[in-house]
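Q: I would like to see how this sequence folds:
(2 chains)
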2 protein chains.
Amino acid sequence: MAIALKEAEKALNEKEVPVGAVVVRKGELISKAHNTREKSKNALHHAEVLAINEACKKLGGWRLWECEMYITMEPCPMCAGAIVNSRIPKIYFGAYDDKYGACGSTVNLLNMENNFKVRYEGGFEKEKSLELFESFFKYLREKH
Amino acid sequence: MAIALKEAEKALNEKEVPVGAVVVRKGELISKAHNTREKSKNALHHAEVLAINEACKKLGGWRLWECEMYITMEPCPMCAGAIVNSRIPKIYFGAYDDKYGACGSTVNLLNMENNFKVRYEGGFEKEKSLELFESFFKYLREKH
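A: Numbering: from 1, shown residues only, chains lettered A, B, ... in the order given. Take a look at the predicted model:
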């Protein structure tokens, strides 16, 4: 989660919504990424999608069965769906996201009736994650 | 939808789950894609994600506000989330997907309380879409 938080900090420094994500396999770091939606001008470039993309490339397969993921914020529907589709069996995330979170807050896509089930634990280092968000919102307020 | 169905046929010929997607802006074809998950060994490479990725690149921005999307099958959670995130205001899809469809069948991610709302119409040319699926399942049965 420390590495994911460092990624989120990078996003903040680039004036992006500060979210970081890391894919790990048996204790080995496979990929890490941060949200680059504005810079890359791409709606898909959330931290989780970028980290899963890199992990699939690196591991040479679309099933990330042996991996775990650390994310600084509760994933949105797209990212929760990407986690299910890539068969990551367990994720850990930071702060819950009441507005867009799709791992229990608004809907739970990790535990759908017919689909692959992802185990998850939320709330890890949530204070640090929320601090980064506070800094981001402060920047937004000052900008406008 | 005819172009999206041709894309789905390409997927079938490549022994992929036969789904095709097309992004259109004011009657102009912006991008088209088909599912390549097996060939590209990437869990993210559903038709919709590939078409949105290409459209963001082509149009130089992450907001596809003036676009519409045609998809041969009801999008899964990841793809429905990607459609919401890219701000596509209207989609048309073919067959409903009782098992994984996230536009009304299992959950409706296009109309979440706090998020961007996507208008949608399903059922277009669903017979043709389902025929492609039948052929795909026949191939799977014969393979095993």
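
Q: quick check, residue A:72 in a helix?
A: No. Under DSSP: H, G, I helix; E, B strand; the rest coil, residue A:72 falls outside any helix and is assigned strand.

Q: next one: it, what pLDDT does it get?
A: At residue A:72 the predicted local confidence, pLDDT, stands at 98.

Q: right, is the lowest-mean-pLDDT helix or strand in chain A up against chain B?
A: Considering only helices and strands, the least confidently modelled element of chain A by mean pLDDT, DSSP states H and E is helix A:126-143, at a mean of 94. No. With Cβ under 8 Å from any Cβ of the partner chain as the measure, helix A:126-143 is seen stopping short of chain B, the closest distance being 15.6 Å. C-beta here means a position set from N, CA and C on the backbone, and glycine is covered the same way.

Q: please save the CA atoms from that helix in PDB.
A: Coordinates of each C-alpha in helix A:126-143 appear next as PDB, following Å, rounded to 0.1, in the frame of the first residue of the first chain:
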ATOM      1  CA  LYS A 126      -7.400   5.600   4.400                       C
ATOM      2  CA  GLU A 127      -6.200   8.700   6.300                       C
ATOM      3  CA  LYS A 128      -3.200   9.100   3.900                       C
ATOM      4  CA  SER A 129      -5.400   8.400   0.900                       C
ATOM      5  CA  LEU A 130      -8.000  11.000   2.000                       C
ATOM      6  CA  GLU A 131      -5.200  13.600   2.700                       C
ATOM      7  CA  LEU A 132      -4.100  13.300  -0.900                       C
ATOM      8  CA  PHE A 133      -7.700  13.900  -1.900                       C
ATOM      9  CA  GLU A 134      -8.000  16.900   0.300                       C
ATOM     10  CA  SER A 135      -4.900  18.400  -1.300                       C
ATOM     11  CA  PHE A 136      -6.400  17.700  -4.700                       C
ATOM     12  CA  PHE A 137      -9.700  19.400  -3.900                       C
ATOM     13  CA  LYS A 138      -7.800  22.400  -2.400                       C
ATOM     14  CA  TYR A 139      -5.900  22.700  -5.700                       C
ATOM     15  CA  LEU A 140      -9.200  22.500  -7.600                       C
ATOM     16  CA  ARG A 141     -10.800  25.200  -5.400                       C
ATOM     17  CA  GLU A 142      -7.800  27.500  -5.900                       C
ATOM     18  CA  LYS A 143      -7.700  26.900  -9.600                       C
END
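
Q: flag every buried residue along that helix.
A: Applying a neighbour-count criterion of 16 or more other Cβ atoms under 10 Å in any protein chain shown, the buried positions in helix A:126-143 are A:126, A:128-129, A:131-133, A:136.

Q: near chain B, which residues of chain A?
A: Those residues of chain A that sit near chain B, judged by Cβ under 8 Å from any Cβ, are A:37-38, A:41-46, A:49, A:52-53, A:56-57, A:60-64, A:76-82, A:84-87, A:99-100, A:102, A:106-107, A:109, A:112-115.

Q: filter those residues down to the ones in helices?
A: Using DSSP state H to define helices, the subset of these located there is A:37-38, A:49, A:52-53, A:56-57, A:77-82, A:84-85.

Q: can you tell me which of the buried residues of helix A:126-143 is nearest chain B?
A: Among those, residue A:133 lies closest to chain B (Cβ to the nearest Cβ), at 15.6 Å.

Q: check contacts around the closest one.
A: Residue A:133 sits next to A:18, A:73, A:95 when contact means Cβ atoms under 8 Å, 6 or more residues apart in numbering or on different chains.

Q: tell me the buried residues within these.
A: Judged by neighbour count, with 16+ other Cβ under 10 Å as the criterion, the buried members of the contacts of residue A:133 are A:18, A:73, A:95.

Q: I'd like those as a markdown table, with distance to residue B:9 appended.
A: Supplementary listing: those in a markdown table, determined by distance: Cβ to Cβ, whole Å:
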| residue | distance to residue B:9 |
| --- | --- |
| A:18 | 43 |
| A:73 | 39 |
| A:95 | 44 |
